[in-house]
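[1] sequence-free structure coming up:
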């Protein structure tokens, strides 16, 4: 394992080398996030089996809630969360706000998938990349003094992604009734706006030193609270209960989708931390390619469609991927990272957080006065509760009566696990998940 040395004792070459490693780690985290975020949306196809979109979103959020507390408890322990909250208590409010935005956006994606399909909806809501670049520049000094070619790579890549999204929006017009197609497009774009804004609290948290594993635990209170309010107001408590009971055979799969989503989101958090939201969001939005693969290869969404539709959907997605590739190669220069540090200093002064703590966490290590995280009985209790809940719902689950291509699903699942292992090991060796 790589030692986490104090930057005060490092040479300039060592500091440059570590900054480069963190950049590569952030890029790898972004691509891993894309794979798992893409896989997590596959269970939402159950909407075609008559399950309400609101119920799907609510149950996924319950799975998310269980995962967001059990995974951090398992990886580092709740003692790390408590230490972070002591240092930066203001971030609890930001995390809850981000969770509320996520819940509304996630509900919109369910309607989008129902109306225009998984392979179409994914690229449309990934318009959040544009907002991520804008907010990163305005609020957090990203892309300042980045140089012409990196500016061109990030913004040019974003424009190419928009072109691909436009092609996909045109293709969606022939997927079903015009009113439903238009409604699905607007739902997907609305989700993109909310998700793009949601990343502002993310970046604030990581510039002031909070560990991603700590941030997501409070994030989930906003998710569950907002989603519960949406579900109750949209359907009413009585009808909502009847729908939940009626869908008990598939609750396990939807909760599993939420659990898988959290794994992807954790890697997305590390991407946002180490390469910023202007690069981290587009990189994690490679989930649009995974969404295309799941939609087409596993669920057969484009089966029986005309050749021009195949060209539009596949060509638009590949065009978006070219844009993502341009952004991935536009890594932050040392001059730009100096501006990042200025933004971090501004945040630390605003909230009264120790400068050495902020500097250490930006470099993926613990501050000198921090205790090593440890697990307690509470951590194992949280893991046991989450495991028990999944076992309970798994016992009553049945395989949905849907046409699936299991071979393709197995290949995509194996590829996602490989990325998980490679990136997880890299994160542990370089940062100990800091």
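    Great, that's in hand. Everything numeric in this text was worked out from a predicted model, so none of it was measured. Residues are numbered from 1 along each chain as shown.

[2] Low-confidence regions, the protein specifically.
    For the chain, the stretches with pLDDT under 70 are 1-14, 44-50, 118-119, 122-123, 165, 168-180, 304, 400.

[3] do you know how far the residue nearest to the spatial centre of it is from residue 150?
    Nearest residue to the geometric centre of the chain (C-alpha atoms, centre = their mean): residue 265, 3.4 Å. Residue 265 sits 26 Å away from residue 150, going by C-beta to C-beta, to the nearest Å. Bear in mind the C-beta positions are built from the backbone N, C-alpha and C, glycine included.

[4] Residue 135 touches residue 202, doesn't it?
    No. Taking contacts as C-beta atoms under 8 Å, residue 135 lies outside contact range of residue 202: 9.9 Å.

[5] Name the residues contacting each of those two.
    Jointly contacting residue 135 and residue 202 under the rule C-beta atoms under 8 Å, 6 or more residues apart in numbering are residue 277.

[6] okay, those two: which has more neighbours?
    Taking neighbours as other C-beta atoms under 10 Å, residue 135 and residue 202 compare with residue 202 leading, 27 against 22.

[7] for the residue nearest to that one when sequence neighbours are not counted, what are its contacts?
    Excluding the flanking residues, the one nearest residue 202 by C-beta to C-beta, 6 or more residues apart in numbering is residue 272, at 4.9 Å. Residue 272 makes contact with 199, 202-203, 206, 280-281, according to C-beta under 8 Å, 6+ apart.

[8] Out of those residues, which two sit at the greatest distance?
    206 and 281 (13.3 Å; C-beta to C-beta).

[9] Which one's more surrounded, these two?
    residue 281 (31 against 27).

[10] Next SSE downstream of the helix or strand containing that one?
    Here residue 281 sits within helix 277-284, counting by DSSP states H and E. Of the helices and strands lying after helix 277-284 in sequence (DSSP H and E), the nearest is helix 287-293.

[11] Which residues does that next one contact?
    Looking at what lies outside helix 287-293 - C-beta under 8 Å, 6+ apart - the contacts are 33-35, 37-39, 41, 118-119, 121-123, 126, 264, 313-314, 317, 320-321, 408, 412, 416.

[12] Take the residues you listed and keep only those in helices.
    33-35, 37-39, 118-119, 121-123, 264, 313-314, 317, 320-321, 408, 412, 416 (DSSP state H).

[13] Got a ChimeraX select line for the buried ones in the residues you listed?
    To isolate the buried members of the ones in helices among the contacts of helix 287-293 in ChimeraX, using 16 or more other C-beta atoms under 10 Å:
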select :33,34,35,37,38,39,118,119,121,122,123,264,313,314,317,320,321,408,412,416
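
[14] before we move on, back to that, contact partners for the residue nearest to the centre of the chain?
    Contacts for residue 265 (C-beta under 8 Å, 6+ apart) come out as 33, 37, 216.

[15] Could you single out the nearest of these to residue 338?
    When the contacts of residue 265 are compared for distance to residue 338 (C-beta to C-beta), residue 33 comes out closest, at 26.6 Å.

[16] how close does the closest one get to residue 264?
    Relative to residue 264, residue 33 is positioned 5 Å away (C-beta to C-beta).

[17] hey, what's in contact with both of those two?
    Residues touching both residue 33 and residue 264 by C-beta under 8 Å, 6+ apart: 284, 287.

[18] separation between residue 311 and residue 51?
    Distance from residue 311 to residue 51, by C-beta to C-beta: 32 Å.

[19] Thanks again, I'm all set now.
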